[in-house]
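A.B. asks: Turn this into a model:
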Amino acid sequence: MELIKAIHVGQCTGKRKLSPLISGPTQPGNDIDIYLAPLIEDLKHMWETGVEVYDEYKKESFILRAMLFGTINDFPAYGNLSGYSVKGKCACPVCEDHTNWIRLEHCQKNVFLGHRRFLNTKHHYRKWKKAFNGESEEDRAPSPLTGDQLYEKVKLLSSKFGKPFSGELVTGGWKKKSIFFELPYWKSLYVRHFLDVMHIEKNVFDSVVGTLLNIPGKSKDGINARLDMQSMGLRNELRPVKKDGKRTFLPPAAHTLSRKEKKIFCKFLHNVKVPEGYSSNIKSLVSMKDLKLKGLKSHDGHVLMGNFLPIAIRSILPENVRWTITKLCFFFKAISSKVIDPEKLPTLQNEIVVTLCELEMYFPPLFLT
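C.D. replies: Predicted coordinates for the structure are as follows:
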């Protein structure tokens, strides 16, 4: 994982510039605070004292002050910067100990279900039992901690740098007080760390396409996934069936594509032509021989997810599954737009919760890692 290759903080005077470099192929993990210490000192100076800047238009000098609005990072980097352990059963820094997780016995993965608790209290999905875990949902969504509440939880935590001993490993919860709390305004910010959408979008795209095309290593469906569904009592009609005592047959699920449908899907993407500079040559990413996609970069996944995937699946999947994937694509396209209407954000929030519930209904639990 590439956490931070270089950090550049320039000031308008052009006289001071901070450029700490992290060398080597491995990211520093919890030790990122050591590299950030000089940056924090400059940010404190910019907030408390400021720098004198000359305004050429008004022909006068003024004191320029600046603040750090937040960080933008992928989810593993979120854990290093915020001090929360984003691995294991309580990987959600909002839900914390109330994270709804299940350990899959055969796939050996933690999956995160229970999205119905984020629906409004009268939504009909809350009463559906068979489509989910066999029970109705009465829980409410946990409330995010304010900056002051979070600071009270971490203010007494000490940071231990370097490689920890086995007895010092933190497997869940808050593991340190982030160095960003040295900024006097940090705990007052409503949001402190922002997730990079394109990283998440690429992972989701790989899971969706890998499952639809049954790409080895990327598919979220398989014998182990079906055995886990069987042990959880979900969709018993999809449990593996042994034929002749040797071969194992997997009944087709709602997301299963026939070879003909896979060819239709891949042929469409293979024939897509885009303007120069818009994305990679999509034709080169599609293998018609193996019926799979290969060599995708993050931006390729972004382009395919937001524009071409809804078109590619419009004639090859059941309507309910097709519409669920399409809504997922529309969500990523909406939040990746250059301009977002703030009044539409609550609607997007409600729609993505419903979409996640439907993904939980149609795809194996392994899909929601």
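A.B. asks: which SS state does I200 fall under?
C.D. replies: Following DSSP: H, G, I helix; E, B strand; the rest coil, I200 is assigned to helix.
A.B. asks: In contact with it, which residues are there?
C.D. replies: Shown in contact with I200 (CB atoms under 8 Å, 6 or more residues apart in numbering): D74, F75. (Each C-beta comes from the backbone N, C-alpha and C, glycine too.)
A.B. asks: Now do the helices in the stretch 201-350 of the chain.
C.D. replies: For the stretch 201-350 of the chain, helices defined by DSSP state H, counting those that start in this stretch occupy the ranges 223-231, 259-270, 298-303, 309-312, 319-335, 345-362.
A.B. asks: Need the residues that contact the shortest one.
C.D. replies: When you say that, I think you mean helix 309-312. Applying CB under 8 Å, 6+ apart, the external contacts of helix 309-312 come out as F205, V208, V209, F265, F268, L269, I325, T326, C329, F330.
A.B. asks: Buried residues, that helix. List them.
C.D. replies: Neighbour-count burial for helix 309-312 flags L309, P310, A312 (criterion: 16 or more other CB atoms under 10 Å).
A.B. asks: Per-residue confidence at the last one, what does it come out as?
C.D. replies: The per-residue pLDDT reported for A312 equals 92.
A.B. asks: Now it. Nearest residue, chain neighbours left out?
C.D. replies: F268 (4.8 Å; CB to CB, 6 or more residues apart in numbering).
A.B. asks: mind listing what the one you found touches?
C.D. replies: By CB under 8 Å, 6+ apart, the neighbours of F268 are F308, I311, A312.
A.B. asks: And the last one, how far from F332?
C.D. replies: In this structure, A312 lies at 15 Å from F332, with CB to CB, to the nearest Å as the measure.
A.B. asks: Which parts of this structure are strands?
C.D. replies: 9-10, 17-18, 51-55, 60-64, 71-73, 101-104, 109-112, 193-195, 241-243, 247-249, 286-287, 292-293 (DSSP state E).
A.B. asks: right, and these - which one's nearest S231?
C.D. replies: Among the strands of the chain, strand 101-104 comes nearest to S231, with 8.6 Å by CB to CB.
A.B. asks: what residues does the closest one touch?
C.D. replies: Under CB under 8 Å, 6+ apart, the answer for strand 101-104 is 89-91, 109-113, 224-225, 228, 232, 365-366.
A.B. asks: Just confirm I352 contacts F331, I think it does.
C.D. replies: Yes: counting by CB atoms under 8 Å, F331 is a contact partner of I352 at 5.0 Å.
A.B. asks: list residues touching both of the two?
C.D. replies: Contact criterion CB under 8 Å, 6+ apart; residues shared by I352 and F331: none found.
A.B. asks: State the distance from the closest residue to F363 other than its chain neighbours to G306.
C.D. replies: Nearest residue to F363, sequence neighbours excluded (CB to CB, 6+ apart): H255, at 6.0 Å. Per CB to CB, H255 is found 20 Å from G306.
A.B. asks: Neighbour count: the two, which is higher?
C.D. replies: H255 (23 against 19; other CB atoms under 10 Å).
A.B. asks: ok, now which ones touch the more buried one?
C.D. replies: T211, L212, D221, L317, V321, Y362, F363.
A.B. asks: Redo these as JSON lines? Include distance to I63 and pLDDT.
C.D. replies: JSON lines is the format used below for the contacts of H255 (distance: CB to CB, whole Å; pLDDT from 0 to 100):
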{"residue": "T211", "distance to I63": "56", "pLDDT": "93"}
{"residue": "L212", "distance to I63": "57", "pLDDT": "93"}
{"residue": "D221", "distance to I63": "60", "pLDDT": "91"}
{"residue": "L317", "distance to I63": "60", "pLDDT": "90"}
{"residue": "V321", "distance to I63": "58", "pLDDT": "93"}
{"residue": "Y362", "distance to I63": "58", "pLDDT": "93"}
{"residue": "F363", "distance to I63": "55", "pLDDT": "92"}
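A.B. asks: hang on, the earlier thing: now, among the buried residues of helix 309-312, which is nearest to F181?
C.D. replies: L309 (40.8 Å).
A.B. asks: low-confidence ranges in the protein?
C.D. replies: Residues of the chain meeting the criterion pLDDT under 70: 1-24, 162-172.
A.B. asks: Walk me through the domains of it.
C.D. replies: 9-93+147-195, 197-368 (automatic domain parsing).
A.B. asks: Just name the most buried of those.
C.D. replies: domain 197-368 (a mean of 16; mean count of other CB atoms under 10 Å).
A.B. asks: wait, what's in contact with the residue nearest to K127 when sequence neighbours are not counted?
C.D. replies: Computed as CB to CB, 6+ apart, the closest residue to K127 that is not its neighbour in sequence is S136, at 5.2 Å. By CB under 8 Å, 6+ apart, S136 lies in contact with R126, K127, W128, K129.
A.B. asks: from the contacts of H255, which two are the most distant?
C.D. replies: The widest separation within these (CB to CB) is 14.0 Å, between D221 and L317.
A.B. asks: Distance of the nearest residue to W186 once chain neighbours are set aside relative to A253?
C.D. replies: Nearest residue to W186 in three dimensions, chain neighbours excluded: F180, at 5.0 Å (CB to CB, 6+ apart). Counting by CB to CB, the gap from F180 to A253 is 44 Å.
A.B. asks: thinking again about what came up before, top of the contacts of S136 by number of neighbours, please.
C.D. replies: Going by other CB under 10 Å, R126 tops the contacts of S136 with 17 neighbours.
A.B. asks: All set, thanks.
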